[in-house]
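> Predicted coordinates and the sequence they were generated for:
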Amino acid sequence: MFLGLISSHNTKNQSLNAEPPKKVKESPIYAVDFTSTVFTPSTTTQMPKSGIKARSKRKIQPKVIKGVKPVSPPLESTLTNSFDVKDSQVYIFYTTLTGSSQRVAQAMYNKLDSMEEIKLTPKLLSLDDDVDDLEEFFMKTPENDDGSKNIYVLVLPSYEMDSPMDYFLEHLQDTYQDFRVDKYPLSKLAGFAVLGLGDSESWGGKKFCYQSKAADRWLGKLGGRRLFPIGQICMKYQGEPKTNEWIQGFAEMLLDKEPIYLDTNEDIDDSDMEDGTKDNESDDTLVDVEDMGDMMRSSSGSGTTTKGLRGETVSSSSSGPLPAKEMVSKNSPTYKSLTKQGYTIVGSHSGVKICRWTKSALRGRGSCYKFAFYGIRSHLCMETTPSLACSNKCVFCWRHGTNPVAKSNWRWEVDQPEVVLEGALEGHYKKIKQLRGVPGVQLDRFQEAFTVKHCALSLVGEPIFYPHINEFVLMLHAKHISSFLVCNAQHPDHLAKLSKVTQLYVSIDAPTKTDLKKVDRPLNSDFWERLMLCLDILRTVQRHQRTVFRLTLVKGFNMNDIESYADMVERACPSQIEIKGATFCGSSSANGNPLTMQNIPFYDECRLFVEDLCKELQSRGLDYEIAAEHAHSCCILMAHTRFKKEGKWYTHIDYPKFFSLLESGDEFTDIDYVLETPEWAYYGSEEAGFNPEDTKFDRKAEKLKKRLEREKNGDVDPIMINNTAE
Ligand SMILES: Cc1cc2nc3c(=O)[nH]c(=O)nc-3n(C[C@H](O)[C@H](O)[C@H](O)COP(=O)(O)O)c2cc1C
Ligand code: SF4
């Protein structure tokens, strides 16, 4: 057990809000069990007069390859190196699904900020939205100009279902087990403290605050010094008064006249080391990280077979790694938030939603840009994803903060592909049925809509992440449903193994490593190498596919550096390049999305970008030209000139031909299943991608078209057009 030293203010039976305590004459120093998971002032016990031991028992060295544990100096030498914690830079981290941790973290910030004695303004950071790379804080620690040390305070909820906490804990565990990195990175901190929020009525016993307890343990294992006992607050019964009490206690600790002693040899909190034996002396409330598996197993019933943390199958009745959770369980806030926005959650990790273009096409009011570019009629299209989880936190995604995330390993229960497909179709048709009464719905289109012909695997999340993606695509094709799959270029191994799809998209969100980090906020630190690998895979292994680069332009983020974009095109040789202006999807404060309307490009700016890119490619001898546009969606298509025959573009897809080629078993490539592009979709055509048959129903489009014409003639300022198509 690690015995830390703090002053006597935490003496037995003393309220944290009370007057500063009187010093105990005989023994001014008290020992605190920093491994205790219970926040209560009475955990302070008087230290024995002699024989202070930094460890209570011999621990067996954990299984590591590198990372030599420093030798602890005798206590006297640690006392010579005092440290005033109030001079530290305090970081307050939180993660939240329903807002309480954020509120408590804010209260903590306000308290510390109001204290004159604290030299440095605290920093309040959401682990989900403000920390792009957990490694920056939990594998390394920030260096301060004035040489001050850092203190981490973490306000953390616990969730029985999948939540960002799973990802955070997984990161701590991975860091601890990563032989390439310093095993005790957090020993550089002045210390840390965890405030856990939970609900003891519904999740009592070991489940109460189990994830904050796990975080507290991992931070200790990573070399952090526990400055203050973990708080475990039931937000149902105790709430604010108790969290304030903890905050007050923590603040008092910072001001304590008796310094916290640090040793230069960075002694490690040994109580958190794996010792291979059960900690018999630990109290009932202490939950070992290793025990979490048992705990979760007992809560999830027996006999179920799920996927383990590393994708392995684990039986709930056996001991072993943590059993997989559902990615989006029915009682989770993520589920509620998604369903509220019109998503139908299929199984536990898939989703389907009717896009506005499907509704529009049902009413004869026009299809999305994919009709202009590829001949997809929107009322025959189903938009779905078999994985709501993603490995990025893109600035233009409205969901980050609550969306499930993972780096490269699927860590959830897996639904079988037939369950996903049948569920998605059922959900889609149910929503179509509900549109029956919408004014203007055309009967023939309404009836046709009950036979889906296209599947856009692009909704949200990362479809390629789903372990059965190939079986899923096969099932779509067996029903003669085309597959338009969009991936984020972060999973080269999955991409290399992907079987034939009708059209394979790779999102290219920025041209350089720095910009990509800013725009996509990827979870993987080798995100750039992953992207580069994906580009190589497109040019080689997946050369047989009809491949498309998808660029989403965000002003101020990724609209410069045409040359680097051209480098990527040169590297991957995609069949086509789709460029669209980003859609504005809500205020930054609500979802951590930093975009404002200022970041949404005008259509003219998009056009300029595409023309410059085209010139750059051609100057390098690459045969690409601008083929088509859909001004309504702020979307432009460039294509390799092999899609142009005798002056006519062939970007449309012959879907029956695609299926017959597939069924023949013969090898075929992108130009083997093409159809001519209608002239109204040509870039620079009068219609600018407006289908003449549909525009007559679309007053908004008509209005827009007229304004564009006026704009071309220089009559009005350029107007802003957002891309609302998926
Ligand atoms: C679906 C769901 C699962 C939960 N699971 C647990 C749990 O396992 N243990 C626990 O102590 N609290 C659990 N809670 C309670 C939350 O941790 C608690 O409400 C917390 O204050 C939420 O923090 P947040 O608002 O910052 O997300 C759960 C709450 C919900 C809605
Ligand atoms: S916007 Fe996407 S989902 Fe909707 S019709 Fe077009 S391709 Fe299909």
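Sure thing, it's come through. Residues are numbered from 1 along each chain as shown. Ligands and ions are numbered 1, 2, ... in the order given.
> Alongside ligand 2, which residues does the protein contribute?
Residues of the chain lying close to ligand 2 (CB under 6 Å from any ligand atom) are Cys355, Trp357, Thr358, Cys368, Lys370, Ile376, Ser378, Cys381, Glu383, Ala456, Ala725, Glu726. Yep, even glycine has a C-beta here, placed from its N, CA and C like the rest.
> Give me the pLDDT for the last one.
Read it as Glu726. With respect to pLDDT, Glu726 scores 44.
> mind putting the residues of the chain next to ligand 2 in a markdown table, distance to ligand 1 and neighbour count included?
Output for the residues of the chain next to ligand 2, formatted as a markdown table (distance: CB to the nearest ligand atom, whole Å; neighbours: other CB atoms under 10 Å):
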| residue | distance to ligand 1 | neighbour count |
| --- | --- | --- |
| Cys355 | 29 | 20 |
| Trp357 | 34 | 25 |
| Thr358 | 31 | 24 |
| Cys368 | 35 | 27 |
| Lys370 | 37 | 25 |
| Ile376 | 38 | 26 |
| Ser378 | 35 | 27 |
| Cys381 | 33 | 28 |
| Glu383 | 27 | 24 |
| Ala456 | 30 | 25 |
| Ala725 | 33 | 21 |
| Glu726 | 29 | 21 |
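> Of all the residues in the stretch 301-450 of the chain, which one is nearest ligand 1?
Asn331 (4.5 Å; CB to the nearest ligand atom).
> residues near the closest residue to that residue other than its chain neighbours, how many?
Closest residue to Asn331 apart from its sequence neighbours, by CB to CB, 6 or more residues apart in numbering: Met161 at 6.8 Å. Using other CB atoms under 10 Å, Met161 is surrounded by 19 other residues.
> Quick one: classify Met161 as helix, strand or coil.
Secondary structure, DSSP: H, G, I helix; E, B strand; the rest coil: Met161 is coil.
> That one touches Ser348, doesn't it?
No: judged on CB atoms under 8 Å, Met161 makes no contact with Ser348 at a distance of 9.2 Å.
> who touches both of these two?
Common contacts of Met161 and Ser348 (CB atoms under 8 Å, 6 or more residues apart in numbering): Glu326, Val328, Ser329.
> follow-up on the earlier one: what secondary structure does the residue of the stretch 301-450 of the chain closest to ligand 1 sit in?
coil.
> now Glu563
Applying three-state DSSP to Glu563 yields a three-state assignment of helix.
> Where do the domain boundaries of the chain fall?
3-20+44-51+74-271, 333-712 (automatic domain parsing).
> per-stretch mean pLDDT over those domains, give me the minimum one.
domain 3-20+44-51+74-271 (a mean of 79).
> Which element, helix or strand, includes Leu254?
helix 239-255 (DSSP states H and E).
> Tell me the helices and strands packed up against that helix.
Helix 239-255 sits against helix 100-113, strand 191-198, strand 231-234, with contacts defined as 3 or more CB pairs under 8 Å, 6 or more residues apart in numbering; DSSP states H and E.
> Packing partners of the second one?
Counting contacts by 3+ CB pairs under 8 Å, 6+ apart, strand 191-198 is packed against helix 100-113, strand 150-157, helix 210-221, strand 231-234, helix 239-255.
> do that again at 10 Å, thanks
When contacts are defined as 3 or more CB pairs under 10 Å, 6 or more residues apart in numbering; DSSP states H and E, strand 191-198 packs onto strand 89-94, helix 100-113, strand 150-157, helix 210-221, strand 231-234, helix 239-255.
> do the shortest one as well
For strand 231-234, the contact count by 3+ CB pairs under 10 Å, 6+ apart identifies helix 100-113, strand 191-198, helix 210-221, helix 239-255 as packing neighbours.
> Just the angle for the shortest one relative to helix 210-221, thanks.
Strand 191-198 and helix 210-221 are oriented at 170 degrees to each other (axes from the mean of the first three to the mean of the last three CA atoms, to 10 degrees).
> where does Lys644 fall, phi/psi-wise?
phi -120, psi 120 (degrees, to the nearest 10).
> and it, bridged to which residues?
Note on Lys644: beta-bridge partners by DSSP bridges are Trp649.
> if I look at it, how far off is Ala631?
21 Å (CB to CB, to the nearest Å).
> Likewise for Tyr167?
40 Å.
> Same check on Ile600?
15 Å.
> looking at the helices and strands packed on strand 231-234, which is closest to Thr583?
With CB to CB as the measure, helix 100-113 is the member of the helices and strands packed on strand 231-234 nearest Thr583 (26.1 Å).
> now that closest one against strand 89-94, angle please.
Here helix 100-113 runs at an angle of 160 degrees relative to strand 89-94 (the same axes, to 10 degrees).
> Which other helices and strands does helix 100-113 contact?
strand 89-94, strand 123-126, strand 150-157, strand 191-198, strand 231-234, helix 239-255.
> how big is the angle separating it from helix 239-255?
Per the same axes, to 10 degrees, the angle that helix 100-113 makes with helix 239-255 is 40 degrees.
> neighbours around Val420, how many?
27.
> contacting residues for it?
Contact partners of Val420, counting by CB atoms under 10 Å, 6 or more residues apart in numbering, are 346-347, 349-352, 384-387, 414, 466, 468-469, 471-472, 475.
> So which of those residues sit within helices?
Members of those lying in helices (criterion: DSSP state H): Ile469, Glu471, Phe472, Met475.
> Just give the nearest non-adjacent residue to Leu662, would you?
For Leu662, ignoring the flanking residues on the chain, the nearest one in space by CB to CB, 6+ apart is His477 at 6.0 Å.
> The helix or strand that neighbour falls within: which residues count as buried?
Assigned by DSSP H and E, His477 belongs to helix 469-478. If you call a residue buried by 16 or more other CB atoms under 10 Å, then helix 469-478 has these buried ones: Ile469, Asn470, Glu471, Phe472, Val473, Met475, Leu476, His477.
> Pick out whichever of Lys644 and Ala631 has more residues nearby.
Ala631 (22 against 16).
> Which residue lies nearest to that one in three dimensions, sequence-adjacent residues excluded?
Ala688 (3.9 Å).
> looking at this, that neighbour is in a helix?
No: secondary structure assignment places Ala688 outside any helix; it is coil (three-state DSSP).
> thinking it is in contact with Glu679, fair?
No: between Ala688 and Glu679 there is no contact under CB atoms under 10 Å: 11.6 Å.
> so Thr669 makes contact with His640?
No: using CB under 10 Å, Thr669 makes no contact with His640, being 11.4 Å away.
> who touches both of the two?
In contact with both Thr669 and His640: Ser575, using CB under 10 Å, 6+ apart.
> And these two? Which one has more around it.
His640 (21 against 13).
> residue contacts, Pro386?
346-347, 349-352, 414-415, 417, 420-421, 424, 457, 459, 461-469, 472-473 are the contacts of Pro386 under CB under 10 Å, 6+ apart.
> What sits closest to it if chain neighbours are left out?
Closest residue to Pro386 apart from its sequence neighbours, by CB to CB, 6+ apart: Tyr466 at 3.9 Å.
> Next, the buried residues of stretch 544-562.
Neighbour-count burial for stretch 544-562 flags 545-555, 557-559, 562 (criterion: 16+ other CB under 10 Å).
> and the residues you listed, which two are the farthest apart?
Going by CB to CB, the pair spanning the buried residues of stretch 544-562 furthest: Gln545 and Lys555, at 31.1 Å.
> circling back to that earlier point, from the buried residues of stretch 544-562, which single one is nearest Leu125?
Taking these together and measuring to Leu125 by CB to CB, the closest member is Phe557, at 21.0 Å.
> Where does that closest one sit, in terms of helix or strand?
Residue-wise, Phe557 maps onto no helix or strand under DSSP H and E.
> cool, Asp132 as well?
With DSSP H and E as criterion, Asp132 is part of no helix or strand.
> And it, how close does it get to ligand 2?
Asp132 is 29 Å from ligand 2, where distance means CB to the nearest ligand atom, to the nearest Å.
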